[in-house]
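Novice: missing the sequence, but the structure's below:
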C-alpha cells in the first residue's frame, strides 16, 4: 500500500470505495457471474463428457470412423481423442484467477486492467459463439448464450460514462 506525500500513513491513495460508481460495481458483479458460468461449463464438460466426445468425433474424419465402428468408448480409448475434462478445468482455473487479479486492478482505476477486461470480454464472445456453432448439447448452448450476454453487458459497463469519469479521476 502506498501513500501520497501529504496523506497519513495507512490510508490508500486513489478514490475511496464509496466513490466507485455503480457501473464499476456492476462490472465486478458481471465478471463474477462470468466466472460462475465458466465454472458451470467446466462442470458440464465433466458430467457430459461422452456427449462432448461424440460431438467432437462427428466433426473429425478419423474419429468419426472410430465412432461408427465402436461408439464413444472406442473414441475415448484412442490416442486421437483430446482430454476435454482436464482442458476445461485448466481453462476455468486460469480464467478465474486472471479475472480476480484484473478485478483488483480495475477497481483501483488502472486503465490497462479495463482494457484487458474488455479484450477478455471480446474473446469470451468469440469463444462462446464457437461453442454455440459446434452443436454441443443444449445446456452448453444456453451457457454460451448467457456468457455472450454477460460479456456484452460487461463491455457496456466498462465503457459506461460513469466508469469513464471514475477512470479519469485517477
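Specialist: Yes, it's here. In this text, all values refer to a predicted model and were calculated from it rather than measured experimentally. Residues are numbered from 1 along each chain as shown.

Novice: and residue 86, how many neighbours?
Specialist: Residue 86 has 11 neighbouring residues, counting by other C-beta atoms under 10 Å. For the C-beta atoms, the positions are set from N, CA and C on the backbone; glycine is no exception.

Novice: starting at the chain centroid, how far to whichever helix or strand it is part of?
Specialist: According to DSSP states H and E, residue 86 maps onto helix 84-107. Relative to the centre of its chain, helix 84-107 is centred 7 Å away, using C-alpha atoms, centre = their mean, to the nearest Å.

Novice: got it, and stretch 23-36?
Specialist: 11 Å.

Novice: kindly report the same for stretch 117-136.
Specialist: Per C-alpha atoms, centre = their mean, the centroid offset for stretch 117-136 relative to its chain is 9 Å.

Novice: may I see the buried residues of it?
Specialist: 117, 120-121, 124-125, 127-128, 131-132, 136 (16 or more other C-beta atoms under 10 Å).

Novice: among those, name the ones in helices.
Specialist: Counting by DSSP state H, the buried residues of stretch 117-136 place 117, 120-121, 124-125, 127-128, 131-132 in helices.

Novice: just send those back as TSV, with distance to residue 145 too.
Specialist: Shown next, in TSV, are these (distance: C-beta to C-beta, whole Å):
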residue	distance to residue 145
117	20
120	18
121	15
124	12
125	11
127	13
128	7
131	9
132	7
